[in-house]
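*Asks:* make a model of this:
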Amino acid sequence: MTILLVEDEASLASFIQKGVAAEGYDLKVAFDGVVGQRLFDQQPFDVVVLDVNLPGMNGFELCRYIKQHSPRQPVLLLTALDGLADKEAGFGAGADDYLTKPFEFRELLLRIRALARRSDAYKGQHAVLRVADLELDTDARTVTRAGLRIELTSREYSLLEYLMVNKGRTVSRIDIAEKVWDLHFDTNTNVIDVYVNFLRKKVDKGFGQKLLHTVVGAGYLMQG
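*Replies:* I've put the predicted structure just below:
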């Protein structure tokens with residue numbers, strides 16, 4: 001696995017680098033956003049880990065740049081900013097996950113591995129995912145059904161992409177919590193169900209054929 005870490009605190013970057021090296025992973029470090037952008041442009045990475053308060057270009061700006069140029073690139077924001085508004089800004093910039101400092105290294109490693117597995121699931125997929133007349137363009141990050149544009153939030157888009165990648169297979173709420181939500185997401189809450197309902201209203205409402213199905217006791221199924 002190749003990882004790009006953009007972190008301006010040298011001691012923390014060294015700690016992370018030693019830890020991932022012990023796992024056999026290759027990690028490249030940039031100490032400011034501009035250098036991080038340059039390294040990202042030079043080679044592909046399985047996962048990108050960004051601090052937010054960076055010199056040159058902050059983590060939100062760099063995240064947006066990365067997602068504009070490589071929408072399927074998994075990005076984890078690693079930051080001391082723990083307010084809800086900060087998390088909203090991070091996910092709004094396109095981040096796939098958000099971990100606050102201080103943190104346990106094992107948790108960081110679990111999150112990196114989860115993002116890498118998610119990235120692997122998308123490798124080999126066509127740029128456009130299709131289920132019946134529903135299309136998701138992973139490069140342009142656009143969604144249409146029967147030629148009509150559907151506007152989605154960042155989280156709705158990630159949820160739909162995961163369901164479409166796994167079309168024809170029932171995915172559990174735990175699958176969604178791990179691959180689309182935070183690893184520590186409380187699956188006893190109904191937030192996943194709420195977002196599935198949001199998505200269902202946007203992709204199925206007004207169409208005769210329903211594509212997003214609930215499999216009672218098992219999860220959700222995207223099938224045409």
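
*Asks:* and the residue positioned nearest the centre of the chain, how far from Leu211?
*Replies:* By Cα atoms, centre = their mean, the chain has its centre lying nearest to Asp96, at 2.6 Å. Asp96 sits 24 Å away from Leu211, going by Cβ to Cβ, to the nearest Å. Using the backbone N, CA and C atoms, a C-beta is placed for each residue, glycine as well.

*Asks:* same deal with Phe103?
*Replies:* Distance from Phe103 to Leu211, by Cβ to Cβ: 38 Å.

*Asks:* average pLDDT for the longest helix seen in the chain?
*Replies:* The single longest helix within the chain, with elements called by DSSP state H, is helix 105-122. Averaging pLDDT along helix 105-122 gives 81.

*Asks:* again, but for stretch 18-25
*Replies:* Across stretch 18-25, pLDDT averages out at 89.

*Asks:* buried residues in that stretch?
*Replies:* Under the neighbour-count criterion of 16 or more other Cβ atoms under 10 Å, stretch 18-25 has Val20, Tyr25 buried.

*Asks:* okay, now the domains of the chain?
*Replies:* Domain assignment for the chain by automatic domain parsing gives 2-122, 128-222.

*Asks:* winner for burial among these?
*Replies:* With neighbours taken as mean count of other Cβ atoms under 10 Å, the domains of the chain reach their highest mean count in domain 2-122, at a mean of 18.

*Asks:* can you give me the end-to-end distance of stretch 93-110?
*Replies:* End-to-end distance for stretch 93-110: 22 Å, by Cα to Cα, to the nearest Å.

*Asks:* where along this structure do the helices fall?
*Replies:* 10-22, 33-42, 59-69, 84-92, 105-122, 154-165, 173-179, 191-203.

*Asks:* what does the second one rub up against?
*Replies:* It refers to helix 33-42. With contact meaning Cβ atoms under 8 Å, 6 or more residues apart in numbering, helix 33-42 is reached by 4, 6, 28, 30, 48, 50, 54-59, 61-62, 65-66, 69.

*Asks:* give me the helices and strands touching the longest helix of the chain, please.
*Replies:* Secondary-structure packing of helix 105-122 (3 or more Cβ pairs under 8 Å, 6 or more residues apart in numbering; DSSP states H and E): helix 10-22, strand 47-50, strand 75-79, strand 97-100, helix 154-165, helix 173-179.

*Asks:* could you check the angle helix 105-122 makes with the first one?
*Replies:* When you say that, I think you mean helix 10-22. On the basis of axes from the mean of the first three to the mean of the last three Cα atoms, to 10 degrees, helix 10-22 is oriented at 60 degrees to helix 105-122.

*Asks:* who does helix 10-22 touch, helix- and strand-wise?
*Replies:* strand 2-6, strand 26-30, helix 105-122.

*Asks:* and the last one, how far from the chain's centre?
*Replies:* Relative to the chain's own centre, helix 105-122 is displaced by 10 Å; criterion: Cα atoms, centre = their mean, to the nearest Å.

*Asks:* same deal with stretch 8-23?
*Replies:* Offset of stretch 8-23 from its chain centre (Cα atoms, centre = their mean): 22 Å.

*Asks:* how about the contacts made by the closest residue to Arg141 other than its chain neighbours?
*Replies:* Nearest residue to Arg141, sequence neighbours excluded (Cβ to Cβ, 6 or more residues apart in numbering): Pro71, at 5.0 Å. Contacts of Pro71 were listed using Cβ under 8 Å, 6+ apart, and they are Gly94, Thr138, Asp139, Ala140, Arg141.
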